[in-house]
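Colleague: Quick one, structure for this:
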Amino acid sequence: MMAKKTKKAAPAKITVGTATKFKKVNFDVSRIIALYKSGKPVSQIAEAIGYPKNTGQNRTRRVLMAAGVYKRTA
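Modeller: Alright, predicted model coming up:
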């Protein structure tokens, strides 16, 4: 029996959405990248753009990874 060949789905383009839960978030990609290149950790960048403490790191990190700036160290 031959294996069925399937097409792999193309990866979805990562877009920057809006923070529906947190209204004070100013999600600016260029500002996130600039803060990261200046040496700020992801958690401080998330707070700087308006997320409450201990929230928004995954969204911020995803933007940095999509831009090709952030590389996982673990």
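
Colleague: Longest helix in the protein, by number of residues?
Modeller: helix 57-67 (DSSP state H).

Colleague: what comes up buried for it?
Modeller: Q57, R59, T60, R61, V63, L64 (16 or more other CB atoms under 10 Å). For glycine as for every other residue, the C-beta is placed from the backbone atoms N, C-alpha and C.

Colleague: want to throw these into CSV with distance to T73 and pLDDT?
Modeller: CSV is the format used below for those (distance: CB to CB, whole Å; pLDDT from 0 to 100):
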residue, distance to T73, pLDDT
Q57, 14, 92
R59, 19, 90
T60, 16, 92
R61, 12, 92
V63, 18, 90
L64, 13, 92
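
Colleague: residue nearest the centroid of this structure?
Modeller: Nearest to the mean C-alpha position of the chain, by CA atoms, centre = their mean, lies R62 at 2.1 Å.

Colleague: one step back: which of the buried residues of helix 57-67 lies closest to I33?
Modeller: Of all those, I33 sits closest to L64, with 6.9 Å by CB to CB.

Colleague: Please verify my assumption that the closest one contacts I33.
Modeller: Yes. Counting by CB atoms under 8 Å, L64 touches I33, with 6.9 Å between them.

Colleague: picking up where we left off before, ok, and what's touching the longest helix of the chain?
Modeller: 14, 16, 19, 27, 29, 32-33, 36, 42-43, 45-46, 49, 51, 70 (CB atoms under 8 Å, 6 or more residues apart in numbering).

Colleague: hmm, try it at 6 Å
Modeller: I14, V29, I32, I33, Y36, V42, S43, I45, A46, Y70 (CB atoms under 6 Å, 6 or more residues apart in numbering).
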